[in-house]
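A.B. asks: Got a predicted structure here, sequence first:
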Amino acid sequence: MTPSRPPLTEPEEIAMETTPAQRVSVDIEEDVPVADRTFVRLLADRRIWPLFLFRALSLQGTHPTVMVALEQHSKSFSRPSVRAENTLAYTYRIYFGENVAESARELREMHRPITGLDYEGRKYHAWNRDVWTWVHLTTIESLIYAITVCFGPQPEAEVEAFYRESRRLGLLFGVREQDMPTDAAGLRTYVEQGVVEKLAMSPGTRRMQQLVDEQDVIATLQPKLAALPRPLPALLEKLTGRPVETLMFGAFPEHVRQIWGVPWSPAREREFRALIAIVRAAGRILPARVRMIPEARAALEV
């Protein structure tokens, strides 16, 4: 149950510098991630996307301002599968679409009306400088994490090239250049510090935790499975529930697991590592038409 708060007679205003996402002064349409870059090609693999969503859920779904915005302005709770599909669709467009800059502008403008009062009665906006930067950088960190888990550690030069492109992509979104670490090591430090300093349990995160506990994660990621004849969806959930839960919480940083109250042991970590080994092995036997997302196959002409 959400703790009650005293009613506010007037909204509490706080000084808040918003990222000027509506005016990006640098034209970098030809200098953004494209599908023929070595590292970005790994994003074509279906296996990374559930892990990406799990990681992003932990880093963004535990941020109080992000969560209040999701509660008030998104379908994350009413239609979680739609929210997951929309997140992936825009990410696919960014990396495999024909007009990256236009997709970035569209996504940026979509957040213009997202504003309200947070859990403490303070005014927020989606373009809040700190929050807007956090969402972009944790998205990039989650992509790097998912690729590393599925394919193993990548050459540092490739990771750095991907992050440099991601910084330039951040400019298209309206993230300030000076707010983004200069290299991948700085990104890791930024996220590690942010996990400790920015994340906390909130009413929205508590609600998200309850949704995760009650929701069939497989059906959320693949809504078509929920339409299978009964009792196949229930049987599938029973068979996959524990492995999917292990993969999801294994992708959470330890501090976030503690915030969520998720018990984690050496045995559970070994279980997670065993599942990752299976995920990696699957990529060696599945044909490209099964392994790759359709958007990537079209962009890469596979």
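C.D. replies: Done, it's in. Small disclaimer: the values here were computed from a predicted structure and weren't measured.

A.B. asks: Who are the contact partners of Arg55?
C.D. replies: Applying CB atoms under 8 Å, 6 or more residues apart in numbering, we find Arg55 in contact with Glu141, Ser142, Tyr145, Ala146, Ala251, Phe252. No exception for glycine: its C-beta is placed from N, CA and C like everyone else's.

A.B. asks: Show me the residue at the heart of this structure, geometrically.
C.D. replies: By CA atoms, centre = their mean, the chain has its centre lying nearest to Ala56, at 3.0 Å.

A.B. asks: measure the spatially closest residue to that one that is not a sequence neighbour to Leu70 for me?
C.D. replies: Nearest residue to Ala56 in three dimensions, chain neighbours excluded: Ser142, at 4.3 Å (CB to CB, 6 or more residues apart in numbering). Using CB to CB, to the nearest Å, Ser142 is found at 16 Å from Leu70.

A.B. asks: Who has more neighbours out of these two?
C.D. replies: Ser142 (24 against 21; other CB atoms under 10 Å).

A.B. asks: Now do the helix or strand encompassing Met208: which elements does it pack against?
C.D. replies: In the assignment (DSSP states H and E), Met208 maps to helix 203-214. Applying 3 or more CB pairs under 8 Å, 6 or more residues apart in numbering; DSSP states H and E, one finds that helix 203-214 makes contact with helix 64-73, helix 254-260.

A.B. asks: what's the last one packed up against?
C.D. replies: Secondary-structure packing of helix 254-260 (3+ CB pairs under 8 Å, 6+ apart): helix 184-197, helix 203-214.

A.B. asks: The first one now?
C.D. replies: Secondary-structure packing of helix 64-73 (3+ CB pairs under 8 Å, 6+ apart): strand 115-117, strand 123-125, helix 129-151, helix 203-214.

A.B. asks: Please identify the deepest-packed of those.
C.D. replies: Counting by mean count of other CB atoms under 10 Å, helix 129-151 has the highest mean neighbour count of those, with a mean of 21.

A.B. asks: Toward the C-terminus from that helix, list the very next helix or strand.
C.D. replies: That would be, after helix 129-151 and using DSSP H and E, helix 156-173.

A.B. asks: if we can go back for a sec, give the contact list for the residue nearest to Ala56.
C.D. replies: Taking CB under 8 Å, 6+ apart, we find Ser142 in contact with Phe52, Arg55, Ala56, Leu59.

A.B. asks: ditto for Met208
C.D. replies: Contacts of Met208 (CB under 8 Å, 6+ apart): Leu57, Gly61, Met67, Leu70, Ser76, Phe77.

A.B. asks: next one: phi and psi at the residue lying closest to the fourth one once chain neighbours are set aside?
C.D. replies: Read that as Leu70. Excluding the flanking residues, the one nearest Leu70 by CB to CB, 6+ apart is Ser76, at 4.5 Å. For Ser76, the backbone dihedrals are phi -60, psi -30 (criterion: degrees, to the nearest 10).
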